[in-house]
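*Asks:* this one's sequence-less:
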Ligand code: AHR
């Protein structure tokens with residue numbers, strides 16, 4: 001019997017083994033097949049060889065507006081609020097706790113406001129009367145306090161003129177809320193005429209809500225003006241410059257452009273309160289302080305102490321653009337005040353000065369020293385041109401009044417400066433009557449760039465990843481000039497910049513990038529917000545008087561901007577762009593300078609997704625770098641305590657025969673970078 005035959009037994013065992021093996025292979029095959037099917041479900045193809053379009057260097061930029069204390073109280077490092085007593089209530093920001101205005105005869109001293117003149121730009125000064133040495137104090141509260149850092153130095157300057165008596169010393173001290181002194185210095189006033197004095201204080205402790213206390217020795221009357229205090233540590237160490245931590249965050253974005261000064265601030269609530277660039281340059285003392293239009297815009301977020309000193313003015317904006325490697329993109333009033341407010345209009349026959357402002361600005365930025373405005377720029381310390389290429393006419397205007405005015409600007413600018421690109425706008429909404437009318441009319445005028453704005457829900461952003469897929473390729477280029485996903489409505493916008501908002505923006509941004517043949521400029525808005533003095537949220541960067549941090553939205557912007565590449569290539573699934581199939585969104589570029597392929601994959605699903613990506617058209621290194629950005633959950637945020645909680649983490653991955661097999665985590669943005677051989 002076979003069973004007794006050792007060979008037969010071996011044979012039987014062999015048969016058994018074979019059958020087991022077949023079972024195992026089959027099972028493995030099934031498993032493999034399952035895996036293959038799931039990978040195939042998300043099998044993406046990248047064509048490296050074919051450039052779809054060049055990516056403009058301006059593709060990812062920043063939008064700056066003095067909203068949320070972003071300039072005065074923020075980027076502009078001045079620490080004294082109302083330094084020249086020019087606010088509507090001229091003592092706003094200043095306290096004199098020991099003076100008793102009612103007991104005129106036995107007060108230790110008093111500070112009064114005196115007007116030099118109603119004319120000009122610097123109207124007021126502060127007149128101090130010191131009667132005795134019982135302790136008159138003049139205290140400035142700063143912008144919701146002053147942030148001081150132990151051992152850092154602070155430059156104080158003021159103008160003073162002795163009027164009578166002999167005030168022999170002005171003492172200046174940092175104090176905390178308990179009036180503990182955290183650093184001090186003094187000035188000896190010598191002149192009866194106005195004179196400038198400077199001194200320096202070193203902080204003896206770190207304090208987020210310090211104040212400046214000014215006291216006097218001797219009795220008499222002294223006049224003070226332009227009491228100013230800056231940290232020595234400013235961006236590039238410039239005197240009276242910008243907060244270095246905030247500029248560093250901008251610099252790290254490698255922005256393609258800097259749009260300034262807004263936003264609605266360009267338009268003003270009234271024409272008189274529009275942003276006038278000529279009033280924002282030259283001697284700082286002569287820059288007229290005006291109300292910031294955001295001070296009482298929202299009933300539930302009143303900031304009556306919000307004014308514009310214009311210490312950060314157009315010269316500084318141009319300089320900042322240059323510092324951070326961004327193309328300057330100024331936006332000017334087109335003769336229409338904000339249509340959400342008064343909507344005041346300049347009559348057409350009085351539009352000339354507005355148009356002239358635009359022409360002069362181009363000369364200010366680019367003119368050589370033989371031109372009037374080029375000379376002004378040079379006298380301010382920048383003989384080299386600022387290389388202005390764009391100018392915006394109007395911010396969020398709509399309707400025929402805008403088109404009528406825009407035409408006049410367009411003709412004048414193009415006649416004189418045919419190479420300057422003019423940015424026009426479609427109003428505050430990304431669709432609807434205003435938008436459709438604006439776009440139709442602007443197209444008739446053959447405009448070059450149209451600015452679109454959208455503050456929408458996270459869902460809208462995901463759904464609109466295809467927004468530009470069917471845009472007219474022969475029409476104007478697009479500037480996605482203001483956008484942000486609002487988990488709550490704009491009016492109810494809370495401080496939150498959660499991962500949900502950032503993730504949905506990233507999905508949308510793959511659509512911007514995939515359409516970079518027409519989308520040439522994009523910027524998140526608003527850029528910055530003071531945590532104790534904001535009006536509008538979410539915002540990309542939050543700060544207090546000591547610290548700042550980038551939100552998850554900031555890191556999304558940074559990932560895209562730092563990896564924008566030079567050439568758009570295709571990433572597809574079954575020949576179609578990846579715009580939300582299986583909750584995946586994707587775009588791909590190559591960088592001909594760094595010789596890299598860069599893939600941006602957004603997984604908006606609640607589960608990880610394993611994806612196979614085939615790359616054809618180039619020989620690739622077998623290893624790549626992955627930058628992964630994700631939150632712990634959709635409500636996760638960064639904060640002062642954990643400023644980089646949601647920020648990119650870097651790992652390596654392997655390629656096999658030009659294929660990447662990658663597990664994209666749930667709710668994540670991943671940038672895959674592969675070097676070409
Ligand atoms: O970014 C905040 C505001 O939103 C801008 O000032 C304005 O242009 C838009 O309505």
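*Replies:* Thanks, I have it. Predicted model, so just to flag it, every value in this text is computed and none were measured.

*Asks:* and the residue of this structure that's closest to the ligand?
*Replies:* Proximity of the chain to the ligand (Cβ to the nearest ligand atom) peaks at residue 263, 3.1 Å away. Every C-beta, even on glycine, is put in place using the N, C-alpha and C of the backbone.

*Asks:* and that residue, how far from residue 289?
*Replies:* 19 Å (Cβ to Cβ, to the nearest Å).

*Asks:* among the two, which residue is more densely surrounded?
*Replies:* Relative neighbour count places residue 263 above the other of residue 263 and residue 289, with 28 against 22, counting by other Cβ atoms under 10 Å.

*Asks:* contacting residues for that one?
*Replies:* Applying Cβ atoms under 8 Å, 6 or more residues apart in numbering to residue 263 gives the contacts 63, 65-67, 331, 395, 482, 525-526.

*Asks:* nearest to residue 73 among the residues you listed?
*Replies:* residue 66 (9.2 Å; Cβ to Cβ).

*Asks:* and the helices in the stretch 451-600 of the chain, which stretches?
*Replies:* Taking DSSP state H, counting those that start in this stretch as the test, the helices found in the stretch 451-600 of the chain are 458-463, 499-514, 552-562.

*Asks:* just to revisit the earlier point, and the contacts of residue 263 near the ligand, which?
*Replies:* With Cβ under 6 Å from any ligand atom as the criterion, the contacts of residue 263 include 65, 67, 395, 482, 525-526 near the ligand.

*Asks:* in strands, which of the residues you listed fall?
*Replies:* Using DSSP state E, the subset of those located in strands is residue 482.

*Asks:* just the buried residues of the ones next to the ligand among the contacts of residue 263.
*Replies:* 65, 67, 395, 482, 525-526 (16 or more other Cβ atoms under 10 Å).

*Asks:* any chance of those in CSV, plus pLDDT?
*Replies:* Shown next, in CSV, are these (pLDDT from 0 to 100):
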residue, pLDDT
65, 98
67, 97
395, 98
482, 98
525, 98
526, 97
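
*Asks:* pipe the residues you listed into a markdown table and attach distance to residue 87 per row.
*Replies:* Below are those laid out as a markdown table (distance: Cβ to Cβ, whole Å):
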| residue | distance to residue 87 |
| --- | --- |
| 65 | 20 |
| 67 | 18 |
| 395 | 25 |
| 482 | 29 |
| 525 | 27 |
| 526 | 23 |
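
*Asks:* which one of the residues you listed is nearest residue 373?
*Replies:* residue 395 (22.9 Å).

*Asks:* hang on, isn't that closest one packed against residue 331?
*Replies:* Yes - at 5.7 Å, residue 395 and residue 331 qualify as touching, with contact defined as Cβ atoms under 8 Å.

*Asks:* just the pLDDT at residue 108, thanks.
*Replies:* pLDDT, residue 108: 80.

*Asks:* contacts only, for it.
*Replies:* Contacts of residue 108 (Cβ under 8 Å, 6+ apart): 98-99, 130-136.

*Asks:* are any of those residues buried, and which?
*Replies:* The neighbour count (16+ other Cβ under 10 Å) marks 98-99, 130-131, 136 as buried among the contacts of residue 108.

*Asks:* now, which of these lie within strands?
*Replies:* Per DSSP E, the buried ones among the contacts of residue 108 map to strands at residue 130.

*Asks:* return the item of the buried ones among the contacts of residue 108 having minimum pLDDT.
*Replies:* residue 99 (67).

*Asks:* between residue 395 and residue 331, which contacts overlap?
*Replies:* Counting by Cβ under 8 Å, 6+ apart, the residues touching both residue 395 and residue 331 are 262-263, 266.

*Asks:* make CSV from these and add secondary structure to it.
*Replies:* Formatted as CSV, those follow (DSSP: H, G, I helix; E, B strand; the rest coil):
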residue, secondary structure
262, coil
263, coil
266, helix
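
*Asks:* which one's the longest strand in the chain?
*Replies:* The chain, longest strand under DSSP E: strand 207-231.

*Asks:* for that one, the averaged confidence score.
*Replies:* 97.

*Asks:* now do the buried residues in whichever helix or strand comes after that strand.
*Replies:* Per DSSP states H and E, the first helix or strand lying C-terminal to strand 207-231 is helix 244-252. Neighbour-count burial for helix 244-252, counted by 16+ other Cβ under 10 Å, picks out 244-247, 249-251.

*Asks:* what is the nearest of those to residue 552?
*Replies:* Distances from residue 552 to these, taken by Cβ to Cβ, are shortest for residue 249, at 13.8 Å.

*Asks:* that older thread, just the buried residues of helix 244-252 now: which is nearest residue 593?
*Replies:* The nearest member of the buried residues of helix 244-252 to residue 593, counting by Cβ to Cβ, is residue 251 at 19.6 Å.

*Asks:* what sits closest to the closest one if chain neighbours are left out?
*Replies:* residue 324 (4.7 Å; Cβ to Cβ, 6 or more residues apart in numbering).

*Asks:* and that neighbour, how many neighbours?
*Replies:* Using other Cβ under 10 Å, residue 324 is surrounded by 21 other residues.

*Asks:* does it touch residue 249 like I think?
*Replies:* No - in this structure residue 324 lies outside contact range of residue 249 using Cβ under 8 Å: 9.9 Å.

*Asks:* who's in contact with the residue nearest to the spatial centre of the chain?
*Replies:* Centroid-nearest residue in the chain, with Cα atoms, centre = their mean: residue 527, separated by 2.8 Å. Neighbouring residues of residue 527 by Cβ under 8 Å, 6+ apart: 62-65, 70, 250, 539-541.

*Asks:* wait, residue 274 touches residue 264, no?
*Replies:* No - with contact defined as Cβ under 8 Å, residue 274 does not reach residue 264; the gap is 10.0 Å.
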